[in-house]
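# predicted model and sequence below, questions to follow.
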Amino acid sequence: WTAGTSSSVYIIDTDSPATNVSWPVNPAVNAVTLGMISGTAADSPSGGGKSNAGLSTTGNGKVYVVMYDKTSSKYWTGGDWTGTAPSTVTAAAVSGIDLSVWKYQNITGLESEHEYEVRVWGVDDLGNEETNLYPATAKYSFYCDTTAPVSVITSPTTGLKLNNLTMITGTANGRLSGLA
């Protein structure tokens, strides 16, 4: 018996990958065009001393993305927000062929005062698919908010003449993303 001559090495991988959304960091987006969403994917083995196939663009690995506008009840189709059923798009590797850091770009048409959900899941190079949580839970939610907050002084009333002022009261509303 000689290693490399009379033997073969095999990887038996039955573990599914795990994905995560890491961009945008802030759940309140103040633009109608989101340059990209991005995240991480790992095909880590369960148990010590094991290897997994990994996720690469050349080895059948994929990171899938579904985006949903909760406010209008429409899905991203890959070009606009007109879908009435989920449309799955495929993310790209940020660098080279390795999908451990992935991105999906050119998301346009976000509407202010809308809430969006992002679901992602991965498939490793051998076809082991991460449990698709759709539609049970979103991996990431964010708000698009390009509307300035509104504040109103309610007391004292406009034009009132005072010789003493002990309190000023009012209201403020930041609708979806809140006030800071």
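Ah, there it is. Remember, it's a predicted structure, so these values are computed and weren't measured experimentally.
# quick one: low-confidence parts of this structure?
The model of the chain has pLDDT under 70 over residues 1-7, 9-11, 25-33, 45-51, 132-138, 174-180.
# now do the residue sitting furthest away from the middle of it against residue 153, distance only.
With C-alpha atoms, centre = their mean as the measure, the chain has its most outlying C-alpha, relative to the mean C-alpha position, at residue 163: 54.8 Å. Distance of residue 163 to residue 153, given as C-beta to C-beta, to the nearest Å: 19 Å. Every residue, glycine included, has its C-beta placed from N, CA and C.
# residues touching the closest residue to residue 104 other than its chain neighbours, list them.
Leaving aside its chain neighbours, residue 104 sits nearest to residue 91 (4.5 Å; criterion: C-beta to C-beta, 6 or more residues apart in numbering). Residue 91 sits next to 38-39, 62-65, 99, 102-104, 120 when contact means C-beta atoms under 8 Å, 6 or more residues apart in numbering.
# in strands, which of these fall?
38-39, 62-65, 99, 102-104, 120 (DSSP state E).
# using ChimeraX, define a selection of the buried residues within those residues.
The buried residues among the ones in strands among the contacts of residue 91 can be selected in ChimeraX (16 or more other C-beta atoms under 10 Å) with this line:
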select :38,39,62,63,64,65,99,102,103,104,120
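# JSON lines please, covering the ones in strands among the contacts of residue 91 and showing distance to residue 142.
Putting the ones in strands among the contacts of residue 91 into JSON lines (distance: C-beta to C-beta, whole Å) gives the following:
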{"residue": "38", "distance to residue 142": "13"}
{"residue": "39", "distance to residue 142": "13"}
{"residue": "62", "distance to residue 142": "23"}
{"residue": "63", "distance to residue 142": "18"}
{"residue": "64", "distance to residue 142": "19"}
{"residue": "65", "distance to residue 142": "14"}
{"residue": "99", "distance to residue 142": "22"}
{"residue": "102", "distance to residue 142": "17"}
{"residue": "103", "distance to residue 142": "16"}
{"residue": "104", "distance to residue 142": "14"}
{"residue": "120", "distance to residue 142": "13"}
